[in-house]
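*Asks:* Based on what follows, work out the 3D shape:
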Amino acid sequence: MKHFFLTRNREFIECEVLENTNRKRVVKITEAGHPMKGKKQTLAPEGVATGKLYPRLFHLASKPTKDDYVEVQGRILVSMGKDKALVPDITSYQFMPVTAHVIDSIHSADNVLLTGEAGTGKTSMIEQLAARINQPVLRVNLNGETRIGDFLGRINVIATAGKGSETKWVDGILPLAMKQGMWLILDEIDMGEPNILSLLHPILEPGGRLVLKENEGEEVRPHPNFRVFGTANGVGSQTNRGDTYAGVNQMNEAFIDRWHIITMPNLPAKVEIKVIRDRYPKLAPKFAKRIVAFGQAIRKGLETETIEMTFSTRRALQWASKIALYRNAQKAAEAVFLCKVTPEDRVVLERQIALHFGGKRRKNVDKSVVTDGATQSTPIVRTGKRGRPKGAKNKVQP
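*Replies:* Numbering: from 1, shown residues only. This is a model prediction of the structure:
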């Protein structure tokens, strides 16, 4: 393993650490043939970010190339290996500024719990970070069917070559990820059963270890690359929308305290339009803009409790795919979300579709139907040049 210093020009240079204290670090450039060879650089102590780049010093097996790291707002995450097994595929993904906080937590080995509305890209962000640095990922959805044996492991009866059988311990999700240095993503952690979540307490502690009593008391120490991520639509007392997210459980404070909680916001309008256009380049730009404008109106209605349906980027992409297929926003909406809402929400949604895309309801729709906290429609009276309603006859006033 060697040390590498990252310059402001994003160049990794081999170096030697001369001093490493809680006040500063001093490195000496040792890379042969480099103009900076022999020069010393003073850096902030480990875990302290100064300047526009962080971190600046890396301990790696080989010199990274431009394809071996990902950068988000000056935060750097470098590949630790070339293993492709269980590494997610790279797809088009727009990293938001909040990703920089996630990278900081990865460097400090924090347990990261991402919260936010469904479809905001919580799981995708972790997978796409991993994809870009060849980091293996193990993803599990926590639901009522998850058993302790699935999580920790179990003793199985295995056939032998001599047509006999023997019992053998088989690691579960948790020890497997810990031993092999995977990133463990616990999806919908707020739906996990308390007896499953309690198994996580020991490994969520700094330097935590796992003891497998069923496997002769084996002690599992985490690999340096092992990280734990959770995703949830709400945390603890924040889970106040049980009608929308049925089946979620309220997590206790002792469990929550073991996580660094980061909230995933919705994408800004310009970014969301770009995401839709990148995914469906043949979709007319005007439709991408209308989809996003519709989504923002619905999200505002959700905030004012005018409507209960959420409208995430994931749902926007699903709608865009159907609009591209049917060439009809109303028909596409019926296939994607109108069939899943209450009759009251359907009325509001249809009016908003008519407002943004046109249709038979457009003449009687008010732009404030969602945003003013009440569902209403205001008839629009068309007037002529002299202010008279269109169609009215010119009569001499008495």
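*Asks:* and residue 323, how far is that from residue 330?
*Replies:* As for residue 323, its distance to residue 330 is 10 Å (criterion: Cβ to Cβ, to the nearest Å). For glycine as for every other residue, the C-beta is placed from the backbone atoms N, C-alpha and C.
*Asks:* Not counting sequence-adjacent ones, nearest residue to residue 12?
*Replies:* Spatial nearest neighbour of residue 12, chain neighbours left out: residue 4 (4.4 Å); criterion: Cβ to Cβ, 6 or more residues apart in numbering.
*Asks:* Got the confidence number for that neighbour?
*Replies:* Predicted confidence (pLDDT) for residue 4: 96.
*Asks:* Give me the pLDDT value at the closest residue to residue 20 other than its chain neighbours.
*Replies:* Counting by Cβ to Cβ, 6+ apart, the nearest residue to residue 20 once its immediate chain neighbours are dropped is residue 46, at 7.3 Å. Note for residue 46: predicted pLDDT of 90.
*Asks:* Tell me how many other residues surround residue 46.
*Replies:* Per other Cβ atoms under 10 Å, the neighbour tally for residue 46 reads 13.
*Asks:* before we move on, the earlier item: can I assume the residue nearest to residue 12 sits in a strand?
*Replies:* Yes. Looking at residue 4 with DSSP: H, G, I helix; E, B strand; the rest coil, it is inside a strand.
*Asks:* Which residues does it form beta bridges with?
*Replies:* Counting by DSSP bridges, residue 4 is bridged to residue 14, residue 58.
*Asks:* for it, what are its contacts?
*Replies:* 12-15, 57-60, 63-64 (Cβ atoms under 8 Å, 6 or more residues apart in numbering).
*Asks:* Kindly recompute the last result at 7 Å.
*Replies:* 12-15, 58, 60, 63-64 (Cβ atoms under 7 Å, 6 or more residues apart in numbering).
*Asks:* just residue 208 next, same as before
*Replies:* residue 202.
*Asks:* The same query, at a cut-off of 10 Å, please.
*Replies:* For residue 208, the contacting residues are 111, 178, 200-202, 220-222, 228, 258, by Cβ atoms under 10 Å, 6 or more residues apart in numbering.
*Asks:* Can you classify it by secondary structure?
*Replies:* coil.
*Asks:* Report pLDDT for it.
*Replies:* 87.
*Asks:* in the stretch 51-200 of the chain, which ranges drop under the pLDDT threshold?
*Replies:* Confidence mapping of the stretch 51-200 of the chain against pLDDT under 70 gives the ranges 144, 163.
*Asks:* Which residue ranges of it form strands?
*Replies:* 57-60, 69-72, 75-78, 112-115, 137-141, 153-159, 165-171, 183-187 (DSSP state E, counting those that start in this stretch).
*Asks:* Rebuild those strands as CSV, extending it with distance to residue 250 and mean neighbour count.
*Replies:* CSV is the format used below for those (distance: least, Cβ to Cβ, whole Å; neighbours: other Cβ atoms under 10 Å):
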stretch, distance to residue 250, mean neighbour count
strand 57-60, 41, 16
strand 69-72, 32, 18
strand 75-78, 33, 20
strand 112-115, 13, 23
strand 137-141, 19, 18
strand 153-159, 29, 13
strand 165-171, 31, 12
strand 183-187, 17, 22
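*Asks:* Out of those, which is closest to residue 99?
*Replies:* strand 69-72 (4.5 Å; Cβ to Cβ).
*Asks:* quick one: strands adjacent to the closest one?
*Replies:* strand 75-78 (antiparallel).
*Asks:* Need the contact partners of the strand it pairs with.
*Replies:* Here strand 75-78 has contacts from 4, 6, 10, 12, 49, 52-56, 58-60, 64, 68-71, 95, 97, 99-104, 106-107, 129-130, 132-133, 135, using Cβ under 10 Å, 6+ apart.
*Asks:* Which of the residues you listed are buried? Put it as a ChimeraX command.
*Replies:* Selecting only the buried entries of the contacts of strand 75-78 in ChimeraX, with 16 or more other Cβ atoms under 10 Å as the criterion:
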select :4,6,12,54,55,56,58,60,64,68,69,70,71,95,99,100,101,102,103,104,106,129,130,132,133,135
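*Asks:* Just the buried subset of the contacts of residue 208, please.
*Replies:* Buried, going by 16+ other Cβ under 10 Å: 111, 178, 200, 220, 222, 228, 258, out of the contacts of residue 208.
*Asks:* Among the residues you listed, which lie within helices?
*Replies:* Within those, residues falling in helices by DSSP state H are residue 178.
*Asks:* Would you mind pulling the contact partners of the helix or strand containing residue 262?
*Replies:* Assessed by DSSP states H and E, residue 262 sits inside strand 260-263. Surrounding strand 260-263, the residues in contact under the criterion Cβ under 10 Å, 6+ apart are 98-99, 101-102, 104-105, 108, 110-117, 120, 122, 125, 229-230, 232, 235-236, 238.
*Asks:* let's go with 7 Å and repeat that
*Replies:* 98, 101-102, 105, 110-116, 235.
*Asks:* How about it, which residues are buried there?
*Replies:* Buried-residue list, strand 260-263, by 16+ other Cβ under 10 Å: 261-262.
*Asks:* Make sure I have this right: residue 225 is in a strand.
*Replies:* No. Assigned with three-state DSSP, residue 225 falls outside any strand and is coil.
*Asks:* contacting residues for it?
*Replies:* 80, 181.
*Asks:* For residue 137, see how far away it is.
*Replies:* 11 Å.
*Asks:* okay, and the common contacts of the two?
*Replies:* Joint contacts of residue 225 and residue 137 (Cβ under 7 Å, 6+ apart) do not exist.
*Asks:* Filter the contacts of strand 75-78 down to the ones in helices?
*Replies:* Per DSSP H, the contacts of strand 75-78 map to helices at 99-104, 106-107, 129-130, 132.
*Asks:* got the CA positions of stretch 252-259 in PDB?
*Replies:* What follows is stretch 252-259, C-alpha atoms only, in PDB (Å, rounded to 0.1, in the frame of the first residue of the first chain):
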ATOM      1  CA  ASN A 252     -36.700   3.900  18.800                       C
ATOM      2  CA  GLU A 253     -34.300   6.600  19.700                       C
ATOM      3  CA  ALA A 254     -31.500   4.200  20.700                       C
ATOM      4  CA  PHE A 255     -31.500   2.800  17.100                       C
ATOM      5  CA  ILE A 256     -31.800   6.300  15.500                       C
ATOM      6  CA  ASP A 257     -28.800   7.600  17.500                       C
ATOM      7  CA  ARG A 258     -26.500   5.100  15.700                       C
ATOM      8  CA  TRP A 259     -27.200   6.700  12.300                       C
END
